[in-house]
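K.L.:
the sequence isn't on hand, but the structure is:
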């Protein structure tokens with residue numbers, strides 16, 4: 001039983017780490033993206049704020065949704081959504097698609113903090 005508790009704690013740590021790592025990994029690219037997207041730097045700075053707002057609000061959804069589905073399924077669905085958002089952000093050719101990808105990614109990554117508390 002002790003081994004199972006350690007596994008759950010480790011898995012919870014990974015969920016939270018992945019969620020916040022997603023924020024930190026995109027920060028170094030912000031100085032070069034305005035030239036790529038032909039836009040002002042302020043719009044890309046707002047992308048981080050948008051991500052965090054969606055990230056915070058999605059935790060309300062994932063917490064309620066986990067009552068109806070098994071938690072493992074909810075985590076798998078959310079991480080798949082976050083993966084889709086990450087791919088959209090990486091393949092974005094314009095600022096709008098980049099924002100859409102980051103919003104989808106933030107929505108999916110919100111499951112990490114929420115499920116860690118439940119586990």
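P.N.:
Here it is on my side, so go on. None of the values given here were measured: they were computed from a predicted structure.
K.L.:
which SSE is residue 36 in?
P.N.:
Using DSSP states H and E, the element containing residue 36 is helix 33-37.
K.L.:
in that helix, what counts as buried?
P.N.:
33-34, 37 (16 or more other CB atoms under 10 Å). Yep, even glycine has a C-beta here, placed from its N, CA and C like the rest.
K.L.:
I'd like those residues as JSON lines, with distance to residue 110 and pLDDT appended.
P.N.:
Output for the buried residues of helix 33-37, formatted as JSON lines (distance: CB to CB, whole Å; pLDDT from 0 to 100):
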{"residue": "33", "distance to residue 110": "23", "pLDDT": "87"}
{"residue": "34", "distance to residue 110": "27", "pLDDT": "87"}
{"residue": "37", "distance to residue 110": "25", "pLDDT": "88"}
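K.L.:
closest one of those residues to residue 102?
P.N.:
residue 33 (11.2 Å; CB to CB).
K.L.:
ok, the closest one - contacts?
P.N.:
The neighbours of residue 33, taking CB atoms under 8 Å, 6 or more residues apart in numbering as the test, are 44, 98.
K.L.:
now stretch 73-92: buried residues?
P.N.:
Under the neighbour-count criterion of 16+ other CB under 10 Å, stretch 73-92 has 74-75, 78-79, 81-82, 85-86, 88-89, 92 buried.
K.L.:
nope, stretch 93-100 is what I was after
P.N.:
Buried-residue list, stretch 93-100, by 16+ other CB under 10 Å: 95, 98-99.
K.L.:
swap in stretch 21-40?
P.N.:
22-23, 26, 33-34, 37.
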